[in-house]
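Participant: task: produce atomic coordinates for the following.
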Amino acid sequence: MSSYATPTSRPSLWQRSERHRVGFAFILPVLVLFLLFRIWPAINGFLLSFQDYKLSGDSTFVGLQHFRDLFDDKIFWGALKVTALYAAISVPLTTIAAVSLALLINRAIRGINIYRAIYFLPYVTSLVMISVIWSWVYRADGGLLNSILEGLGLDSVRWLQDKDLVIPSLAVMSAWKGVGYSMMILLAGLKAIPETLTEASRVDGAGSWQTFWRITLPLLKPVLFFVVVIETIGSFQVFDTMYVMTNGGPVRASYSLVYMLYDESFKFQNFGYAASIGVVLFFITFMVMMLQRLMFGKNDS
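Facilitator: Next comes the predicted model:
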């Protein structure tokens, strides 16, 4: 008795279009919200940067005047320097810590999920609450760090009052809070790497460092690129931490671009000028991301 397989019929054009319509119907609500609360405000902000807008609703087209004033503004260049320094410290610090923790907890040992939850907990905690707690940690008199230093016989340090230490101090706090998110993303990337590759490297006599450098890191590059981009965007948008912990001081040593944008819009009501700061910040962030893309390699991510 012979048998044969019935060929599977391909879906018709109508069936395929029906599936597309159903799929589009599912994403339509999210798409509408994204366009309404993301794309439209971005377009409106870009248009606002060419206007002198008042709360009364009156606006005057000024062209590129806001951008000319911005590039002549010493406060803007100072805020840009602060933002760049913060990102230069925060992004590598967070990324290195996240990679280290991801490698550390990528093990099948008892209770490892508890450690993963502990490392991730700061990320889901209120930033304002964490900033208040770290303000006490960094206090010049009676703070946790200075109490430890004094207990060791060392002089206390003015972490948030010294203009040379305030940005590194804030970057450390930011890395402590945000490392859990990047760690979980990198952990997912590590789980996707076939164990046969690492086992083969060990059989060939490669050590732990050689295995990481030759196998793990190249395969982790796409995920690592995503983490670096996300951390860079977050660093260039820093505001809450500086607003709560330092109020932009001392002497604007922690006065970021977003802090300046906040002051120009809500304190001085220069909405068009503030919008021009946002536009410049967007292009700076985009250029940095493109540079990172080149650094990670065209075909690696």
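
Participant: and the contacts of stretch 160-172?
Facilitator: 82, 85-86, 89-90, 93, 135, 138, 140, 157-159, 238, 241-242, 245-246, 249-251, 253-254 (C-beta atoms under 8 Å, 6 or more residues apart in numbering). Every residue, glycine included, has its C-beta placed from N, CA and C.

Participant: show the end-to-end separation of that stretch, please.
Facilitator: Stretch 160-172 stretches 12 Å from its first residue to its last (C-alpha to C-alpha, to the nearest Å).

Participant: what residues of that stretch count as buried?
Facilitator: For stretch 160-172, a neighbour-count test (16 or more other C-beta atoms under 10 Å) marks Leu160, Val166, Ile167, Pro168, Ser169, Leu170, Ala171, Val172 as buried.

Participant: look up how far Met245 lies from the fourth one.
Facilitator: Yep, that's Pro168 we're talking about. 13 Å (C-beta to C-beta, to the nearest Å).

Participant: with the first one instead?
Facilitator: When C-beta to C-beta is the yardstick, Leu160 and Met245 sit 6 Å from each other.

Participant: and the fifth one, by the same measure?
Facilitator: In this structure, Ser169 and Met245 are 9 Å apart, going by C-beta to C-beta.

Participant: what residues do these two have in common as contacts?
Facilitator: Common neighbours of Ser169 and Met245 (criterion: C-beta under 8 Å, 6+ apart): Tyr138, Leu160.

Participant: look up how far Tyr259 lies from Thr83.
Facilitator: 9 Å.

Participant: who's more crowded, the two?
Facilitator: Higher neighbour count among Thr83 and Tyr259: Thr83, with 25 against 22, using other C-beta atoms under 10 Å.

Participant: quick one, helices of this structure?
Facilitator: Using DSSP state H, the helices of the chain run over residues 13-34, 40-48, 65-71, 74-105, 112-120, 127-137, 144-151, 166-191, 195-203, 208-211, 217-236, 240-245, 257-262, 271-296.

Participant: could I get those as CSV with distance to Ser56 and mean pLDDT?
Facilitator: Conversion of the helices of the chain to CSV gives the following (distance: least, C-beta to C-beta, whole Å; pLDDT from 0 to 100):
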stretch, distance to Ser56, mean pLDDT
helix 13-34, 30, 80
helix 40-48, 15, 92
helix 65-71, 19, 94
helix 74-105, 26, 95
helix 112-120, 47, 85
helix 127-137, 33, 93
helix 144-151, 49, 92
helix 166-191, 38, 93
helix 195-203, 65, 77
helix 208-211, 65, 79
helix 217-236, 32, 93
helix 240-245, 28, 93
helix 257-262, 21, 96
helix 271-296, 12, 93
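
Participant: among the ones you listed, which is nearest Gly57?
Facilitator: Closest to Gly57 of the helices of the chain is helix 271-296 (C-beta to C-beta; 11.3 Å).

Participant: buried ones in the closest one?
Facilitator: 271-281, 285, 288, 296.
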